[in-house]
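Participant: test case, fold it:
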Amino acid sequence: MADDTRDSQQPAPQEPPPGATASPDHAKNSKTYEVFNAPSPPPNANALPAGSGLNTAGSRQEIPTLGDAIKTVRLGDFAQVHMYPCVRESLLTGIGGGFAMGGVRALLGAHIPKAANWAVGTFVFASFANYEFCLYRRRLEKQYMKRAVEIIDRKKMEKEAEREKIRKERRAAKEEADRKAEEAAKRSSWKFW
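Facilitator: Residues are numbered from 1 along each chain as shown. The predicted structure follows:
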């Protein structure tokens, strides 16, 4: 009979593994993730990867090869390369730097092939350096924007808490004034004339 009752009971909901913690409050706030184009808050670091079952080994995934990477490149990507962030600015900087360096080398008496090599080298170096610096600035700007959004949200919550505190104080003062007025009215109504 004891076996029958165990079989008829519903399985208990699974609890998180030992040592797992609930996600912090800032991870529950999806507003910052929506602003920065992230699909959702990051997954819990204590959770097992999807499809790993009950073991920690998980399933083996194929290691990508150079051929797989080359298959993902399309010709249309090269037609739209100027639309990617920082590319246009870095290419223009590289072109200007390469033209200037090649022209200076040619004016100083270097042979044309040597001046052209300097121009191409300067183009590659200046474009790469400007591209990396632009990406670095964008990362910093994104961090500052995220911090600004968090500060604005925190200030908004603080102002709302301050307003709520003032409302409660006003409500308590009004209730106290109403109570005193009622007591005064009760005392004045018992006068004998």
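
Participant: which helix runs longest in the protein?
Facilitator: helix 112-189 (DSSP state H).

Participant: and the pLDDT for Ala2?
Facilitator: As predicted, Ala2 sits at a pLDDT of 49.

Participant: sorry, that was for Val35
Facilitator: Per the predicted model, pLDDT is 54 at Val35.

Participant: for stretch 103-122, buried residues please.
Facilitator: 105-106, 115, 118-119, 122 (16 or more other Cβ atoms under 10 Å). C-beta: built from backbone N, CA, C; applies to glycine.

Participant: could you dump those residues to a markdown table with pLDDT and distance to Ala79?
Facilitator: Formatted as a markdown table, the buried residues of stretch 103-122 follow (pLDDT from 0 to 100; distance: Cβ to Cβ, whole Å):
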| residue | pLDDT | distance to Ala79 |
| --- | --- | --- |
| Arg105 | 94 | 33 |
| Ala106 | 93 | 32 |
| Ala115 | 95 | 31 |
| Trp118 | 95 | 30 |
| Ala119 | 96 | 25 |
| Thr122 | 96 | 26 |
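
Participant: model confidence for the closest residue in space to Gly94 that isn't next to it in sequence, exactly?
Facilitator: Counting by Cβ to Cβ, 6 or more residues apart in numbering, Gly94 lies nearest to Ser127, which is 3.0 Å off, once chain neighbours are set aside. If you check Ser127, the pLDDT there is 96.

Participant: list the contacts for Ser127?
Facilitator: 90-91, 93-94 (Cβ atoms under 8 Å, 6 or more residues apart in numbering).

Participant: hmm, try it at 6 Å
Facilitator: 90-91, 94 (Cβ atoms under 6 Å, 6 or more residues apart in numbering).

Participant: what's the answer for Gly97, then?
Facilitator: 122, 126.

Participant: what helix or strand does it sit in?
Facilitator: helix 87-107 (DSSP states H and E).

Participant: so which bits of that helix are buried?
Facilitator: Under the neighbour-count criterion of 16+ other Cβ under 10 Å, helix 87-107 has 87, 90-91, 93-94, 97-98, 101-102, 105-106 buried.

Participant: how close does Glu160 sit to Ile166?
Facilitator: If you measure Glu160 against Ile166 using Cβ to Cβ, to the nearest Å, the figure is 11 Å.

Participant: ditto for Glu132
Facilitator: 51 Å.

Participant: got any ranges where the protein has weak pLDDT?
Facilitator: 1-61, 189-193 (pLDDT under 70).

Participant: try 80 this time
Facilitator: 1-62, 82, 185-193 (pLDDT under 80).

Participant: one step back: out of the buried residues of stretch 103-122, flag the one nearest to Asp153.
Facilitator: Minimum distance to Asp153 across those is 46.0 Å, recorded for Thr122 (Cβ to Cβ).

Participant: alright, calling it a day.
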